[in-house]
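*Asks:* Predicted structure and sequence below. I'll ask about it afterward.
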Amino acid sequence: MDWLTQATTPGEKFALMFIAIALFVVVMGAILFLVDRPKRIPRWVVAAAFAGPALLLLAYGLVRPALITIRDSFYDKQGDDFVGVDNYSRALTEGQFQGVLANTAIWVILVPLGSTLIGLVYAVLVDRTRYEKLAKALVFIPMAISMVGASIIWKFVYEFKPNQPGVKQTGLLNQVLVWIGLEPQQFLINSPWNTMFLIVVMVWIQTGFAMTVLSAAIKAIPDDIVEAARLDGLHGLKMFRFITVPSIRPALVVVLTTIAIGTLKVFDIVRTMTGGQFGTQVIANEFYTQAFRQNNKGLAAALAVILFILVIPIVIYNVRQLRRSEEIR
């Protein structure tokens with residue numbers, strides 16, 4: 001298959017493109033031919049013809065790399081000698097990596113809770129107000145920004161310069177501190193608070209997602225339930241606690257678990273703003289560091305497997321909650 005990547009001249013590239021299109025036409029023609037003759041061909045053959053290529057590509061692109069990563073996690077730095085669970089033992093017992101796991105746990109706890117809480121409160125406050133669409137658009141805009149772009153924006157917000165005569169602060173947050181008579185701070189260096197300032201960036205991005213999903217769930221609450229609650233004397237916080245939250249519980253579960261999975265894989269923010277230094281390292285960035293900076297293939301694979309294992313319980317819980325909500329309906 002090396003010839004697919006060795007095409008250099010325009011003619012060779014055009015020929016490859018023509019071959020790819022021709023193969024696609026042949027495959028689709030064969031599938032349509034099989035579909036046109038359902039009486040002579042078993043259904044499983046038709047299903048295999050449609051789903052088979054996709055399943056093969058998924059197996060090659062997802063399952064195969066996953067199995068290779070699991071295998072590599074039991075080998076040494078170069079991937080030559082079998083070392084058993086030594087990489088996992090190191091990742092779970094050494095102080096450096098325990099700090100990485102602790103930071104990741106802080107992210108997974110605070111980001112989903114913070115994003116969901118802010119998004120829920122905001123969705124309730126702007127629901128059916130005059131400028132609802134504009135208010136929601138302002139909160140959703142960060143979702144349209146890439147993680148790297150958002151990180152650069154907030155890196156400028158946290159920018160620090162010594163508070164000396166003639167030196168102006170370029171960071172918005174430090175300039176505000178100077179205006180109110182306080183000393184500027186190095187927000188991205190001082191541990192452990194620098195992790196909290198990085199988490200703010202993720203919360204800022206994910207709040208728009210939480211607000212959108214929860215707002216749709218709030219609007220789906222039947223009006224007769226709301227009216228009956230009001231006739232029973234429920235208003236304000238009691239309405240929110242006893243009617244709104246229980247009614248949108250499935251949406252809350254989806255938002256919390258989705259953001260938690262995304263947070264477990266957080267990489268861009270840490271890599272762009274601190275590079276994992278100053279006590280801000282997380283699993284995904286440590287995996288990158290071990291694989292491409294330290295060239296430790298085995299330990300990097302072990303960290304990747306640990307990250308995958310951490311995601312599994314969240315996915316299982318999400319699926320169970322969705323099935324339970326479908327049974328209730």
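*Replies:* Everything's here; your move.
*Asks:* Name all residues that make contact with G99.
*Replies:* By Cβ atoms under 8 Å, 6 or more residues apart in numbering, the residues touching G99 are G279, Q281. Where C-beta positions appear, they are placed from N, C-alpha and C, glycine not excepted.
*Asks:* Which element, helix or strand, includes it?
*Replies:* helix 95-126 (DSSP states H and E).
*Asks:* Okay, buried residues for that helix please.
*Replies:* Under the neighbour-count criterion of 16 or more other Cβ atoms under 10 Å, helix 95-126 has 97, 99-101, 103-104, 106-108, 110-112, 114-116, 118-120, 122-124, 126 buried.
*Asks:* Repeat that for stretch 313-329.
*Replies:* By 16+ other Cβ under 10 Å, the buried positions in stretch 313-329 come out as I314, N318, Q321.
*Asks:* Could you check how far it is from the centre of its chain?
*Replies:* Counting by Cα atoms, centre = their mean, to the nearest Å, stretch 313-329 is centred 20 Å from the centre of its parent chain.
*Asks:* same deal with stretch 156-163?
*Replies:* On the basis of Cα atoms, centre = their mean, stretch 156-163 sits 29 Å off its chain's mean C-alpha point.
*Asks:* So which residues lie in contact with that stretch, not counting its own?
*Replies:* Taking Cβ under 8 Å, 6+ apart as the rule, stretch 156-163 contacts 167-174, 178, 183-189, 197, 273.
*Asks:* run the last query once more with 6 Å
*Replies:* Outside stretch 156-163, the residues that touch it by Cβ atoms under 6 Å, 6 or more residues apart in numbering are V167, Q169, T170, G171, L172, L173, N174, E183, P184, Q186, F187, L188.
*Asks:* separation between the residue most central in space within the chain and Y158?
*Replies:* Geometric centre of the chain, nearest residue: G262, 2.1 Å, by Cα atoms, centre = their mean. In this view, G262 and Y158 are 22 Å apart by Cβ to Cβ, to the nearest Å.
*Asks:* How about L256?
*Replies:* As judged by Cβ to Cβ, L256 and Y158 stand 27 Å apart.
*Asks:* same check, this time on L182
*Replies:* As judged by Cβ to Cβ, L182 and Y158 stand 15 Å apart.
*Asks:* If you count surrounding residues, which of these two has more?
*Replies:* Per other Cβ atoms under 10 Å, whichever of L182 and Y158 has more neighbours is Y158, with 21 against 11.
*Asks:* which SS state does the closest residue to the more buried one other than its chain neighbours fall under?
*Replies:* Leaving aside its sequence neighbours, Y158 sits nearest to F187 (Cβ to Cβ, 6 or more residues apart in numbering; 4.2 Å). Put simply, F187 is coil when judged by DSSP: H, G, I helix; E, B strand; the rest coil.
*Asks:* Now do the same for L34: its pLDDT.
*Replies:* pLDDT for L34: 63.
*Asks:* hang on, I meant I199
*Replies:* At I199, the model reports a pLDDT of 96.
*Asks:* is it true that the residue nearest to Y158 touches L198?
*Replies:* No: the pair F187 / L198 is not scored as a contact, 9.3 Å apart, by Cβ atoms under 6 Å.
*Asks:* Settle it for me: which of these two has more neighbours?
*Replies:* More crowded of F187 and L198, by other Cβ under 10 Å: L198, with 26 against 22.
*Asks:* residues in contact with that one?
*Replies:* Listed by Cβ under 6 Å, 6+ apart, the contact set of L198 reads I269, T280.
*Asks:* and it, what element?
*Replies:* In the assignment (DSSP H and E), L198 maps to helix 193-219.
*Asks:* Okay, helices next: where are they in the stretch 151-300 of the chain?
*Replies:* For the stretch 151-300 of the chain, the helices defined by DSSP state H, counting those that start in this stretch occupy 172-179, 193-219, 223-231, 236-239, 245-247, 249-264, 268-273, 283-288, 297-328.
*Asks:* Out of the ones you listed, which is the most enclosed?
*Replies:* The highest average neighbour count among the helices of the stretch 151-300 of the chain, using mean count of other Cβ atoms under 10 Å, belongs to helix 283-288 at a mean of 23.
*Asks:* I'd like to know which elements that helix is packed against.
*Replies:* helix 95-126, helix 297-328 (3 or more Cβ pairs under 6 Å, 6 or more residues apart in numbering; DSSP states H and E).
*Asks:* rank those helices by mean pLDDT and give me the bottom one.
*Replies:* The bottom spot among the helices and strands packed on helix 283-288, by mean pLDDT, belongs to helix 297-328, with a mean of 84.
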